[in-house]
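**Student:** Here's a sequence, model it:
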Amino acid sequence: MSQNKETPILLLSLLITVGLIAGGYWWFSRNSNLNLSQTFSKNAGSGNDGSNTVSREPIGKTFASVQNVPIGTFKYGGSTSWAPIRGLVDPTIQSARPEFRLQYVQPKGETPGSGTGIKSLIDGQLVFAQSSRPLNDKEKRIAQQRGFTLEQIPVAIDGLAVAVNPNLNISGLTINQLKSIYTGKVTNWKELGGPDVPLKAFSRRISDGGTVEQFVQDILGGEPFGQNVVFVSTTTQALQNLTGSPGGIYYASAPEVVPQCSIKPLPLGRTQGQLVAPYQEPFVLPDECPGKRNQLNTEAFRSGRYPITRTLFVVIKQTGQIEQQAGMAYANLLLTEQGQELVTQAGFVKIR
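**Tutor:** Numbers count the residues shown, from 1 in each chain. So this is what the prediction gives:
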């Protein structure tokens, strides 16, 4: 009798054990996402914008160590601030991983920038995009309407630098003074403690990319540009204009500005007593350049002492297809130790 009573109990225990093991295996398989993802950590990387950004654990040391790199030709594009990375880092990736062919695409009939890159990604013209600003709500909403979501992966830190004519005698600007210049409230440098020289403020248009969008949002507080602002198409054009404009001023990504010989980057501060240079002291004078060039003050960018910094993102489609795998692979390559060192050589600050 005792043996007959124990048999059902043993069978019930065995069924419960098998059920627990099967349930655990199902949960692990469902959440591992082995095909396209490395391990993510969501406790950092949301940034000041509060957006859906993810931060990752270290990927590896070299480009050769990165897993799940697809074979094929993959079109990408976006932010003009990424130009130094496209010029230095991307060719090195191509050399190390020839199976992962990158093709930069210039937008047709539109000015290149973060916004046009993300739009082209959503429209299926790019496999992944390079952005110098976080995704906005409109872009996320359009992507969801198309049946997928967008993910932004932080890979580097950048600073915005303000440049003036090299002969302009001005020691630096506060953020409020910079706002007053670009909203048209100040029209002469003497109003800011400088010489009696009319101000001539240059900018790209807000539709041209993430740099201008961030400037309007963070520096101008959403206010429109003043009528005194002269709009240009490219940073190259603006820097050339500064040379012939005694009271000229312009802003752009620090790696595009700080090493230039024909202009003077200005220290910036939240207050007059907190001016921080975007370059490493001592300042290299124009007549010493190009034999010597000013170097980025990466320590100030990394610590946050410099008042205008931002994050560079790789933006990818979460579709479960090869385009997602390619975007993830590109971000992973940039996040290796080798990639981060090259990002530094390109003039940006490594994210980790």
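**Student:** Any idea how many residues pack against E281?
**Tutor:** 10 (other C-beta atoms under 10 Å). For every residue, glycine as well, the C-beta is placed using N, CA and C.
**Student:** pLDDT value on it, please?
**Tutor:** E281 carries a pLDDT value of 94.
**Student:** distance of it from N297?
**Tutor:** When C-beta to C-beta, to the nearest Å is the yardstick, E281 and N297 sit 8 Å from each other.
**Student:** now do Q324
**Tutor:** 36 Å.
**Student:** Helix, strand, or coil at I157?
**Tutor:** strand (DSSP: H, G, I helix; E, B strand; the rest coil).
**Student:** Quick one: neighbours of the nearest residue to it once chain neighbours are set aside, just the number.
**Tutor:** Computed as C-beta to C-beta, 6 or more residues apart in numbering, the closest residue to I157 that is not its neighbour in sequence is V349, at 3.9 Å. V349: 23 surrounding residues under other C-beta under 10 Å.
**Student:** where do the strands sit along this structure?
**Tutor:** For the chain, applying DSSP state E gives strands covering 40-41, 55-56, 72-78, 100-104, 128-131, 149-164, 173-174, 200-203, 230-231, 248-253, 264-265, 268-269, 309-318, 349-350.
**Student:** How much space separates the nearest residue to I142 once chain neighbours are set aside from K138?
**Tutor:** Excluding its sequence neighbours, the residue lying closest to I142 (C-beta to C-beta, 6+ apart) is I122, at 5.7 Å. According to C-beta to C-beta, I122 and K138 sit 10 Å apart.
**Student:** These two: which has the busier surroundings?
**Tutor:** The neighbour comparison of I122 against K138 (other C-beta under 10 Å) goes to I122, with 20 against 10.
**Student:** okay, the strands of the chain, which one's buried deepest?
**Tutor:** strand 128-131 (a mean of 28; mean count of other C-beta atoms under 10 Å).
**Student:** could you say what helices and strands that strand packs with?
**Tutor:** Packed against strand 128-131, as judged by 3 or more C-beta pairs under 8 Å, 6 or more residues apart in numbering; DSSP states H and E, are the following elements: strand 72-78, helix 114-122, strand 309-318, helix 322-335.
**Student:** quick one, which of these is nearest to A201?
**Tutor:** strand 309-318 (20.5 Å; C-beta to C-beta).
**Student:** Tell me what angle that closest one forms with strand 248-253.
**Tutor:** Relative orientation of strand 309-318 versus strand 248-253 (axes from the mean of the first three to the mean of the last three C-alpha atoms, to 10 degrees): 50 degrees.
**Student:** before we move on, the earlier item: quick one: which of the helices and strands packed on strand 128-131 is nearest K179?
**Tutor:** Nearest to K179 among the helices and strands packed on strand 128-131 is strand 309-318; the distance by C-beta to C-beta comes to 17.1 Å.
**Student:** hang on, the earlier thing: averaging pLDDT over each of the strands of the chain, which comes out lowest?
**Tutor:** strand 40-41 - the lowest mean pLDDT of the strands of the chain, at a mean of 26.
**Student:** ok, the residue found closest to E213 once you drop the neighbours it is linked to in the chain - contacts?
**Tutor:** Once flanking residues are discounted, E213 sits nearest to R133: 5.7 Å by C-beta to C-beta, 6+ apart. Each residue near R133 by C-beta atoms under 8 Å, 6 or more residues apart in numbering is listed here: 79, 114, 210, 213-214, 310, 313.
**Student:** try 10 Å this time
**Tutor:** Contacts for R133 (C-beta atoms under 10 Å, 6 or more residues apart in numbering) come out as 49, 51, 79, 81, 113-115, 118, 152, 209-214, 217, 310-313.
**Student:** Also G172?
**Tutor:** With the criterion set at C-beta under 10 Å, 6+ apart, G172 makes contact with 162, 192-193, 265-269, 272, 274-277.
**Student:** Just give the number of residues close to R293.
**Tutor:** 13.
**Student:** Distance of the residue nearest to it when sequence neighbours are not counted relative to Q295?
**Tutor:** Computed as C-beta to C-beta, 6+ apart, the closest residue to R293 that is not its neighbour in sequence is P259, at 4.5 Å. Separation of P259 from Q295 (C-beta to C-beta) stands at 8 Å.
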